[in-house]
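Engineer: here's my sequence, what's the structure:
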Amino acid sequence: MKTIKVIYCLLTVLIFASCDENGYLRDLYVAPEAAFEVEKDTYDAFESVRFVNKGSGQYYVVYPGDANHVYGKEGDTGFATASDGTFSYSYQEPGTFNAVWVASSINGNGEREFTVDSVTIKVVALDGGLDNLKINNLYRMSEYAGTVYYSSYGEFISSDSLLCPILFDAWRDATFNSIKAKQLVNFELSSNLAEMYWINPNGEEKKIVSGSTASRIVEFVQDGKLKIQNFRVITASGVVSNYYVAPVMIPKMTKFSINGVAGTITRDIAYYNRYNITLQLADGSDLSNVIPVFETMNNDPNLLDGTNCRVTIDGVEQISGVTSVDFSQGDVTYTIDYNFMGNNNPKLTQQALVTVSVLH
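Structural biologist: Numbering: from 1, shown residues only. The predicted model follows:
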């Protein structure tokens, strides 16, 4: 640590046992000598940093070095320590900060003397600057009473990547309540001093404010297809963290028929990824060896490339119009596994269960 000493006035105290007119001052006055220490040089954001006095003086002030607390910067402020010369502080954001410790005393002429000491403190964020993200009101859900909207809550699949499940019903052409529209995004940052940006297709940073209608600019669809979007958090100290948000469709079986009889498809209202299909066949129909015809997500080429969606029953792949199924023992549950098109990351997947009931 480097010590800089500035003394406005030197005071010489003559001590005589027989004549000690400055005795009170001698007992009170302590020449300031700034010196302090912290336990380590790297901390996590919001971790408590304990400053401990190792010098001398009558008063101590700490400038942590983050926004609004920079020593020597006009308008910025420091913090007085406890009477024992200790002080604890938590940095809200990652960065490298020059913490300054000021020791001062009042001399016999009423003038303030002070010295300063400084140390570099590095603050890191284990989880980066983005705490959570939500895409608001993607679809008005008619299967619920009243006005209920589906919103997609991002799930961290790595330190810098989030998966946002997208309801297939939100895959429609509409100005609002559609994943194809410009989106209003809600989010929380680790620091209220940080700012969030969306990186548009041209590579430009566009600042967005959580929940602000003026920030309804984020687009997850490009060239007709869902695309992973890049967001950026920049702290007040200039630390940049990039995040990637993947909108992954929750698969849906959109058509199902047996012997030309179409089934009625409904959602299990307790789950976003469970469906029920019911259909009525003629009395006496043989249910032990039927060949269903079905479609997932309307066979949309903007969502399906022939390799990223798999339909199975008990692990056995099902091919529409080809694979026979035994419905004679009751309901049959299909599993649909869907992977984000154009990306082989196994974490960018969604699954749906479809229970088919055949009546006759």
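Engineer: now stretch 283-291, how far from the chain's geometric center?
Structural biologist: In terms of CA atoms, centre = their mean, to the nearest Å, the centre of stretch 283-291 is found 51 Å from the chain centre.
Engineer: again with stretch 332-341
Structural biologist: 27 Å.
Engineer: report the buried residues of that stretch.
Structural biologist: V332, Y334, T335, I336, Y338, N339, F340, M341 (16 or more other CB atoms under 10 Å). Every residue, glycine included, has its C-beta placed from N, CA and C.
Engineer: from the residues you listed, which ones fall inside strands?
Structural biologist: Within those, residues falling in strands by DSSP state E are V332, Y334, T335, I336, Y338, N339.
Engineer: quick one on the thing from earlier: now, which of the buried residues of stretch 332-341 sits nearest S104?
Structural biologist: F340 (60.7 Å; CB to CB).
Engineer: the closest one contacts N308, correct?
Structural biologist: Yes - using CB atoms under 8 Å, F340 makes contact with N308 at a distance of 7.3 Å.
Engineer: and A282, how many residues sit next to it?
Structural biologist: For A282, the neighbour count with other CB atoms under 10 Å is 8.
Engineer: you'd agree it is up against H360?
Structural biologist: Yes - using CB under 8 Å, A282 is in contact with H360, at 6.6 Å.
Engineer: the chain: helices as residue ranges?
Structural biologist: Taking DSSP state H to define them, one finds helices in the chain at 23-28.
Engineer: let me have the ones in strands among the buried residues of stretch 332-341 in JSON lines, adding distance to A170 and pLDDT as columns.
Structural biologist: Below are these laid out as JSON lines (distance: CB to CB, whole Å; pLDDT from 0 to 100):
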{"residue": "V332", "distance to A170": "28", "pLDDT": "97"}
{"residue": "Y334", "distance to A170": "22", "pLDDT": "98"}
{"residue": "T335", "distance to A170": "22", "pLDDT": "98"}
{"residue": "I336", "distance to A170": "17", "pLDDT": "98"}
{"residue": "Y338", "distance to A170": "15", "pLDDT": "98"}
{"residue": "N339", "distance to A170": "19", "pLDDT": "97"}
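Engineer: which one of those residues is nearest to N186?
Structural biologist: Y338 (25.3 Å).
Engineer: now do the strands in the stretch 151-300 of the chain.
Structural biologist: Using DSSP state E, counting those that start in this stretch, the strands of the stretch 151-300 of the chain run over 155-158, 161-167, 185-189, 195-199, 205-208, 221-222, 225-226, 229-234, 240-250, 253-258, 261-262, 264-267, 274-280, 293-296.
Engineer: now the fourth one: average pLDDT?
Structural biologist: Strand 195-199 shows a mean pLDDT of 97.
Engineer: check which residues of that strand are buried.
Structural biologist: E195, M196, Y197, W198, I199.
Engineer: by contact count, what packs against that strand?
Structural biologist: strand 185-189, strand 205-208, strand 229-234 (3 or more CB pairs under 8 Å, 6 or more residues apart in numbering; DSSP states H and E).
Engineer: among those strands, which is nearest K255?
Structural biologist: Of all those, strand 229-234 sits nearest to K255, with 30.6 Å by CB to CB.
Engineer: so what does the closest one touch, helix or strand wise?
Structural biologist: strand 130-140, strand 195-199, strand 240-250.
Engineer: repeat that with 7 Å
Structural biologist: strand 195-199, strand 240-250 (3 or more CB pairs under 7 Å, 6 or more residues apart in numbering; DSSP states H and E).
Engineer: partner strands of the longest one, with direction?
Structural biologist: According to DSSP bridges, strand 240-250 forms sheet pairs with strand 161-167 (parallel), strand 229-234 (antiparallel).
Engineer: closest one to H69 among these?
Structural biologist: Closest among the strands paired with strand 240-250, using CB to CB: strand 229-234, at 19.3 Å.
Engineer: dump the ones in strands among the buried residues of stretch 332-341 to CSV, plus distance to R274.
Structural biologist: Shown next, in CSV, are those (distance: CB to CB, whole Å):
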residue, distance to R274
V332, 14
Y334, 11
T335, 11
I336, 11
Y338, 14
N339, 19
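Engineer: off-centre distance for stretch 289-297?
Structural biologist: So, by CA atoms, centre = their mean, the centroid of stretch 289-297 is 40 Å from its chain's centroid.
Engineer: flag the shaky bits of the stretch 201-350 of the chain, pLDDT-wise.
Structural biologist: Within the stretch 201-350 of the chain, no stretch has pLDDT under 70.
Engineer: make it 90
Structural biologist: Scanning the stretch 201-350 of the chain for pLDDT under 90 picks out 235-239, 269-270, 283-284, 344.
Engineer: any idea how far N230 is from the closest residue to E39 other than its chain neighbours?
Structural biologist: Among residues not flanking E39 along the chain, R50 sits closest, at 6.2 Å (CB to CB, 6 or more residues apart in numbering). From R50 across to N230, the span is 38 Å (CB to CB, to the nearest Å).
Engineer: the two: which has the busier surroundings?
Structural biologist: N230 (17 against 11).
Engineer: excluding its backbone neighbours, what's nearest that one?
Structural biologist: Leaving aside its sequence neighbours, N230 sits nearest to I199 (CB to CB, 6+ apart; 4.1 Å).
Engineer: in the sheet, which residues pair with the one you found? Tell me.
Structural biologist: Per DSSP bridges, the residues bridged to I199 are E205, N230.
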